[in-house]
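Peer 1: After the sequence you'll find the predicted model.
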Amino acid sequence: MVVNLIAILNEKGRDGRGFEKVHVELPKKVVEACQVNQIKRLLHVSALNSGAPNSSHYLRTKGEGENIVHAATDLQVTSFKPSVIFGEDDEFFNRFIKLLRLTYVFPLACPGAKFAPVWVDDVVNAMINSIDNPRHFGKRYNLCGPKVYTLQQLVEYAAKLAKLPRLIFPLGNRLSYLQAAVFERVPTKPLSLDNYRSLQIDSVCSENHLSDLGVTPHTIEFVMPQYFTTITPRAQYTRYREQARR
């Protein structure tokens, strides 16, 4: 079995070729490698809204890669299309917390964009539950958490988790576009025009397939506080023991 998790949120350039290389060309190579080595099972992580018309390079290429792996008739493919994934050391909450530490007034682009964040453990369990069950072969599953939030609500929650009293200043559409145009020229690309285009489509599930995969989704309020609480050595030991038993 092969699991393809590789993806990027931003590319070095701005013409889509970086996304093409990772999201389209790589899945082709994965399929070819499976065929050469006679591997029949492939789990492929795509993205919610992948292939949406007139969308970002990110979503367009995610859709192309997804179609490529499903076109391989000699493979048993299941693809997973999550909303934003959260968890310990994630690239969502932790990225915003790093940015929030830099300023007391935080200008936020696309504050009304909607997400249904899904816990990484729920995604992993959904993938595990699909491995040996033929009814999941050839399927494409949308994966969302149980609640929908605006981006502003999520950033405010990130500030609360990190105990950072900050003023989140929501930007209108024109200023959001301008911020993305400026920030994509910063080396770390905290925001790009491609991100801006992705944010024009709400990352929420019209139909959440986690239940079809035997998983009950968890909220960010249930999961995230444990990662921002001071843990005693004894509590840490207990946590490690519980993880080892899984």
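Peer 2: It's in.
Peer 1: Longest strand in the protein, please.
Peer 2: strand 76-82 (DSSP state E).
Peer 1: Need the contact partners of that strand.
Peer 2: For strand 76-82, the external contacting residues (Cβ atoms under 8 Å, 6 or more residues apart in numbering) are 40-50, 66, 69-70, 118, 123, 126-127, 130, 134, 136-144. Placement of C-beta: from N, CA and C, glycine included.
Peer 1: which of these are buried?
Peer 2: 41-50, 66, 69-70, 118, 123, 126-127, 130, 136, 140-144 (16 or more other Cβ atoms under 10 Å).
Peer 1: Mind checking which of these land in strands?
Peer 2: Mapping the buried ones among the contacts of strand 76-82 onto strands (DSSP E) picks out 41-45, 118, 140-143.
Peer 1: where does the most centrally placed residue in the chain sit relative to S203, distance-wise?
Peer 2: Centrality entry for the chain: nearest residue to the mean C-alpha point is V84, 3.5 Å, by Cα atoms, centre = their mean. When distance is defined by Cβ to Cβ, to the nearest Å, V84 is 6 Å away from S203.
Peer 1: what sits in contact with each of these two?
Peer 2: With contacts defined as Cβ under 8 Å, 6+ apart, the residues shared by V84 and S203 are F115.
Peer 1: Just name the closest of the ones in strands among the buried ones among the contacts of strand 76-82 to V24, please.
Peer 2: H44 (12.5 Å; Cβ to Cβ).
Peer 1: now the closest one, which residues is it bridged with?
Peer 2: Residues in a beta bridge with H44, per DSSP bridges, are N4, S79.
Peer 1: That one contacts N4, doesn't it?
Peer 2: Yes. With contact defined as Cβ atoms under 8 Å, H44 reaches N4; the gap is 4.9 Å.
Peer 1: Find the residues that touch each one of these two.
Peer 2: 27, 30, 69.
Peer 1: of the residues you listed, closest to L154?
Peer 2: P27 (29.4 Å).
Peer 1: give me the number of residues near the closest one?
Peer 2: 26 (other Cβ atoms under 10 Å).
Peer 1: Enumerate every residue touching it.
Peer 2: P27 makes contact with 4, 44, 65-66, 68-69, according to Cβ under 8 Å, 6+ apart.
Peer 1: closest to Y227 among these?
Peer 2: N4 (26.8 Å).
Peer 1: thought the closest one was touching V30?
Peer 2: Yes. Under the criterion of Cβ under 8 Å, N4 makes contact with V30 at 5.3 Å.
Peer 1: between the two, what contacts are shared?
Peer 2: When contacts are counted by Cβ under 8 Å, 6+ apart, N4 and V30 have 42, 44, 69 as shared neighbours.
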